[in-house]
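Participant: coordinates only, sequence not included:
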């Protein structure tokens, strides 16, 4: 009975190729998870709390009727009272969320084209003191 001799290089390559293939498959499967549950199109700075959009601290987010789609009309003192929900450098929009450029060059999150803001007088999670303020500010809802 003759013995077959294997090439030692083939014996070393096969396990390495298998390990690389398994690692690639695992990374591809995990990359879509993002830690966002069923609302995978939501940016990490926004969550839904009691039916309204909130920031990571649970503060209510608002929209402004005077904003044009994709453009903020709230700058200067307005932005001091209604701080924009800023987008961190390197973040990417997805789903119903986009990132708009502000007049000062900074970036702001928008939902369905409407820029998102906090209200300076909201002191704790769940406050909605800015809702219907001057009939132009409204709670942002999904």
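Facilitator: Arrived safely, thanks for sending. Only a predicted model underlies this, so the values are computations on that prediction, with no experimental measurement involved.

Participant: For the residue nearest the centre of the chain, what are phi and psi?
Facilitator: Closest residue to the average C-alpha location of the chain: residue 43 at 1.0 Å, with CA atoms, centre = their mean. Summarising the backbone geometry of residue 43 under the convention degrees, to the nearest 10, its torsions are phi -70, psi 160.

Participant: which non-adjacent residue is nearest it?
Facilitator: Closest residue to residue 43 in three dimensions, ignoring its sequence neighbours and counting by CB to CB, 6 or more residues apart in numbering: residue 97, at 5.1 Å. Any C-beta I mention is one placed from the backbone N, CA and C, and that applies to glycine too.

Participant: show me what contacts the one you found?
Facilitator: Contacts for residue 97 (CB atoms under 8 Å, 6 or more residues apart in numbering) come out as 41, 42, 43, 46, 109, 110, 111.

Participant: So the residue nearest to the centre of the chain sits against residue 93, correct?
Facilitator: Yes - here residue 43 lies in contact with residue 93, judged by CB atoms under 8 Å, at a distance of 7.5 Å.

Participant: So which bits of stretch 76-95 are buried?
Facilitator: Within stretch 76-95, the residues that qualify as buried are 79, 81, 82, 83, 84, 85, 87, counting by 16 or more other CB atoms under 10 Å.

Participant: go on, stretch 118-136?
Facilitator: Buried positions in stretch 118-136, judged by neighbour count with 16+ other CB under 10 Å: 118, 119, 122, 128, 130, 133.
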